[in-house]
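Chemist: Here is my input; please provide its structure:
(one chain, ligands or ions: 1)
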Amino acid sequence: AVESASDSNGAEDQLLDELLASSVHDRSCLSRYRSAPYRRESPYKPSADLVKSLRRYEALHKSCGPQTEAFEKSMLLLKNPHGGPSRCKYLVWTPENGLGNRMLSLASTFLYALLSDRVLLIDRGKDLDSLFCEPFPGSSWLLPPDFPLKFRAVFNKTDPHRFGNILRSRSISDDVPQPAMVYAHLSHDYDDQDKRFYCEADQKLLHQVPWMVLRSDQYFVPALFLLPSFERRLHQLFPQKEVIFHHLGRYLFHPSNPVWDLIISYFEANLAGATETLGIQLRIYGSENPIIKLVTRQILNCTWGEKLLPLPVAHNSTGIPSQKTVSVLLTSLHSEFLGRLENVYRGFSLGISFHQPSHEERQQTGREAHDAKALAEIFLLSTADTLVTSAWSTFGYVAQGLGGLTPWILRGPVHAAVPQPACVRATSMEPCFHFPPNYDCAAGGFLETTTVLPYTTQCRDRISGLQMV
Ligand code: GDP
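Modeler: Numbers count the residues shown, from 1 in each chain. Alright, predicted model coming up:
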């Protein structure tokens, strides 16, 4: 918990142990240097290698990014693939699915850009530019509006630029002239040919192509360790495997000023005074009773069983009221849980208060005001001292990673009775990669990725998922 977050100005804290460059001191992005005091201090320091790599990347981005000569020249290649070599290579990320999925795949894509010396640019979709600040000093990560490729129209299953299709038609090899652009489809529905992205020989071919468009809704960081050419570097960058998203997320995602305003005003009004904050992130599928009733029971069984909340009984035998106050921050699309939980504690002076910033009722990704609330809530959850999250939810994964918190996961996500136990502790704070490639590069066909990578395990909330530990 934070006593006076807005007063704190510790210069070292602000830079998150040099994760952030110190050169951006303007008021266009207040959250960049002001987030640290709202969160628990992170015991996880970025490695010197990571810090160095980030500064090097920032310099590369500045010299190759939009509005540079190199960028203009490289864009010409998209019209005329044989227009000569380009100094810079690009990685264009395109969004898919909800905000949590987007943030996980964007962080993964950024790491791939670092490893493959590409400059990351993003297709802003409907509103990403209004949600996030520019992360790279003195440059932009937004594709300019006049960029010649139109993402909605192309990059579908049958697109001839799709890497899987290129491999199928054998139109890429060391003997054929390189295309100017390739589309890597790494979403949950990728097929075996697309999965060859994670094979060393194919990665070598991709390395030559100046423009790569990448679409994914996954946290695919663990699979980058499958590539021997990246593996050594990854170990240097991240000696601690369970804090990769923690660092990447804190480096990349700075809420824009309007979203920051939402975060701070809610925090100050509802959470700042408490001794402790417990975040409970509820992502449920189906909002009608008895699901609401079941999940409410599940929350209580979990928080009581794990002693995250006290039982609502008349106070302790000493008669001295507890000095401790706990704010429970509830996030959900649905409004019904708040009242039910408040009712359980009504009449007991245990210092517990419940707070829910919004209840949007349904997902409306792409609506700016809706996405701003989602981002604000992810961020608010990341300020909690303890987290309870929902199985399978990337929304929760982002919050836990940014906060540096290993959550208790409400088991599910779909059930007809309250599960026993109601929740389990995650193995690490890392997000779960829901659809790992499980592809055998040597023989083709299925190969369980967990058996190849030692510092990974199955996810507690998804047996077929892969998680760094
Ligand atoms: P996932 O579907 O749980 O993996 O998470 P995503 O973030 O990818 O997609 C769910 C989307 O639904 C979010 O991005 C929000 O738009 C919305 N949503 C889900 N849960 C919440 C919530 O607790 N609060 C708010 N404000 N929006 C939510």
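Chemist: Quick check: residue 458 is in a helix.
Modeler: No - per DSSP: H, G, I helix; E, B strand; the rest coil, residue 458 lies outside any helix segment and is strand.
Chemist: I'd guessed it sits against residue 466; true?
Modeler: Yes - shown here, residue 458 and residue 466 form a contact pair, counting by C-beta atoms under 8 Å, at 7.2 Å. (C-beta placed from N, C-alpha, C; glycine too.)
Chemist: which residue sits closest to the residue of the chain found nearest the ligand, ignoring its sequence neighbours?
Modeler: Here the chain gets closest to the ligand at one residue, residue 98, 2.0 Å apart by C-beta to the nearest ligand atom. Using C-beta to C-beta, 6 or more residues apart in numbering and skipping the chain neighbours, the partner closest in space to residue 98 is residue 365 (5.1 Å).
Chemist: Residue numbers of the stretch 151-300 of the chain in contact with the ligand?
Modeler: Within the stretch 151-300 of the chain, the positions near the ligand by C-beta under 6 Å from any ligand atom are residue 283.
Chemist: coming back round to it: run a quick neighbour tally on the residue of the chain closest to the ligand.
Modeler: If you count neighbours by other C-beta atoms under 10 Å, residue 98 ends up with 19.
Chemist: now residue 31
Modeler: 20.
Chemist: and it, what does it touch?
Modeler: Neighbouring residues of residue 31 by C-beta atoms under 8 Å, 6 or more residues apart in numbering: 133, 254, 255, 256, 257, 259, 260, 263.
Chemist: repeat that with 6 Å
Modeler: Applying C-beta atoms under 6 Å, 6 or more residues apart in numbering, we find residue 31 in contact with 254, 255, 260.
Chemist: Kindly indicate which of those lies nearest residue 330.
Modeler: residue 255 (20.2 Å; C-beta to C-beta).
Chemist: Helix, strand, or coil at the nearest residue to the closest one once chain neighbours are set aside?
Modeler: Leaving out its chain neighbours, the residue that sits closest to residue 255 by C-beta to C-beta, 6+ apart is residue 31, at 4.7 Å. At residue 31 the chain is in helix, as set by three-state DSSP.
Chemist: thought residue 180 was touching residue 80?
Modeler: No - the pair residue 180 / residue 80 is not scored as a contact, 8.1 Å apart, by C-beta atoms under 6 Å.
Chemist: and those two? which has more neighbours close in?
Modeler: More neighbours surround residue 180 than the other of residue 180 and residue 80, with 19 against 9 (other C-beta under 10 Å).
Chemist: so how far is residue 148 from residue 212?
Modeler: From residue 212 across to residue 148, the span is 15 Å (C-beta to C-beta, to the nearest Å).
Chemist: what about these two, which has more around it?
Modeler: Neighbours were counted for residue 212 and for residue 148 using other C-beta under 10 Å; residue 212 has more, 24 against 9.
Chemist: isn't there a helix covering the more buried one?
Modeler: No - Residue 212: not assigned to a helix; according to three-state DSSP it is strand.
Chemist: Neighbour count: residue 458 and residue 466, which is higher?
Modeler: Neighbours were counted for residue 458 and for residue 466 using other C-beta under 10 Å; residue 466 has more, 26 against 16.
Chemist: Can you pull the phi and psi angles for the more buried one?
Modeler: With angles defined as degrees, to the nearest 10, residue 466 sits at phi -130, psi 130.
Chemist: Residue 265 too?
Modeler: When read as degrees, to the nearest 10, the backbone of residue 265 gives phi -70, psi -40.
Chemist: count of residues packed around it?
Modeler: Residue 265: 11 neighbours (other C-beta under 10 Å).
Chemist: surely residue 62 meets residue 140?
Modeler: No - with contacts counted by C-beta under 6 Å, residue 62 stays clear of residue 140, the gap being 10.0 Å.
Chemist: Enumerate every residue touching the spatially most central residue of the chain.
Modeler: Among the residues of the chain, the one closest to the centroid is residue 104, at 3.1 Å (C-alpha atoms, centre = their mean). By C-beta under 6 Å, 6+ apart, residue 104 lies in contact with 219, 394, 431.
Chemist: Let's see if you can find the most crowded of these.
Modeler: residue 219 (32 neighbours).
Chemist: Could you double-check that that residue lies in contact with residue 431?
Modeler: Yes - Residue 219 lies in contact with residue 431 (C-beta under 6 Å); the separation is 4.1 Å.
Chemist: residue ranges with poor pLDDT in this protein?
Modeler: For the chain, residues meeting the criterion pLDDT under 70 lie at 1-13, 24-25, 151-154, 171-177, 286-289, 315-322.
Chemist: Quick check: can you list the domain ranges of it?
Modeler: For the chain, automatic domain parsing gives the domain ranges 11-242, 257-468.
Chemist: Need those domains in JSON lines (columns: distance to residue 249).
Modeler: Shown next, in JSON lines, are those (distance: least, C-beta to C-beta, whole Å):
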{"stretch": "domain 11-242", "distance to residue 249": "6"}
{"stretch": "domain 257-468", "distance to residue 249": "5"}
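Chemist: For the stretch 151-300 of the chain, just list every one of the helices.
Modeler: 163-168, 192-195, 200-208, 221-224, 228-237, 244-252, 257-270, 291-305 (DSSP state H, counting those that start in this stretch).
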